[in-house]
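In: give me a model of this one.
(chains A and B)
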Amino acid sequence: DAGVTQSPTHLIKTRGQQVTLRCSPKSGHDTVSWYQQALGQGPQFIFQYYEEEERQRGNFPDRFSGHQFPNYSSELNVNALLLGDSALYLCASSLRGGPANEKLFFGSGTQLSVL
Amino acid sequence: GESVGLHLPTLSVQEGDNSIINCAYSNSASDYFIWYKQESGKGPQFIIDIRSNMDKRQGQRVTVLLNKTVKHLSLQIAATQPGDSAVYFCAECVYGNNRLAFGKGNQVVVIP
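Out: Residues are numbered from 1 along each chain as shown, chains lettered A, B, ... in the order given. Model prediction:
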């Protein structure tokens, strides 16, 4: 049973470019959340997708957008990249309406470097 | 002992000793708290959780203590092993929401 998988593992972009990161949730999970983790910091919540719609959003600009597909996989898109967008981007999956103690499972992340 | 590194507070502990990591949370509405372990190049890994109707919960070699009065959380690791070397984060949320707010990490370095 595969856990949460993310691709690519590493990515280098230049300022102003656009990037798409991908996530496949753990088998049986239907909800995907994205987090940004800057070096030396804890992860920061970006948004959460369920039933192919954005359900919750953190304090991130509209340059950050996402999508969820019918198979529950998800993409994170960032437009007009800034140097400050350099970070580890983590995907976490869970089962909405699942057991009360259902826990988030995190992927290993995509390390994005903006030059 | 404890020291503040360039980015993270660091706890150096001798193998076999007990470790205590502390965390202050900010949201009084939070009623669910989780400790995560993050090793280099990996995502956060669930260690133990606790709901606000409890003040202590034990797992295998780990214990979480919750003090709601002062909004403080701690993680105790018994008989620390080299494999425990990692960054540890506390996280809070409203139960069932799964929108986690992470605290600042603590680096644990186990000395063999």
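In: only C-alpha atoms for contact and neighbour calcs from this point on.
Out: OK.
In: next one: phi and psi at whichever residue of chain A sits closest to chain B?
Out: Closest residue of chain A to chain B, CA to the nearest CA: A:Ser108 (4.2 Å). Backbone torsions of A:Ser108, given as degrees, to the nearest 10, read phi -80, psi -10.
In: since we're on residue 68, how many residues are nearby?
Out: Going with chain A. Using other CA atoms under 10 Å in any protein chain shown, A:Gln68 is surrounded by 23 other residues.
In: was after chain B, sorry
Out: 16.
In: in space, what's closest to it - neighbours in sequence excluded?
Out: In space, and not counting its chain neighbours, B:Lys68 is closest to B:Ser52: 7.4 Å by CA to CA, 6 or more residues apart in numbering or on different chains.
In: please tell me how far that neighbour sits from B:Pro44.
Out: Taking CA to CA, to the nearest Å as the measure, B:Ser52 falls 22 Å from B:Pro44.
In: identify the residues contacting B:Lys42.
Out: A:Gly107, A:Ser108, A:Gly109 (CA atoms under 8 Å, 6 or more residues apart in numbering or on different chains).
In: for the residue nearest to B:Lys68, give me its contacts.
Out: By CA under 8 Å, 6+ apart, the neighbours of B:Ser52 are B:Asp31, B:Tyr32, B:Phe33, B:Leu66, B:Lys68.
In: check what pLDDT it gets.
Out: Note for B:Ser52: predicted pLDDT of 93.
In: do A:Glu102 as well
Out: pLDDT recorded at A:Glu102 is 61.
In: re earlier: turn the contacts of B:Ser52 into CSV, columns for pLDDT and distance to B:Ala86.
Out: Below are the contacts of B:Ser52 laid out as CSV (pLDDT from 0 to 100; distance: CA to CA, whole Å):
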residue, pLDDT, distance to B:Ala86
B:Asp31, 91, 26
B:Tyr32, 91, 23
B:Phe33, 93, 19
B:Leu66, 97, 22
B:Lys68, 93, 26
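In: nearest to B:Ala79 among those residues?
Out: Taking CA to CA as the measure, B:Ala79 lies nearest B:Leu66 of those, at 21.1 Å.
In: show me the beta-bridge partners of that closest one.
Out: B:Leu73 (DSSP bridges).
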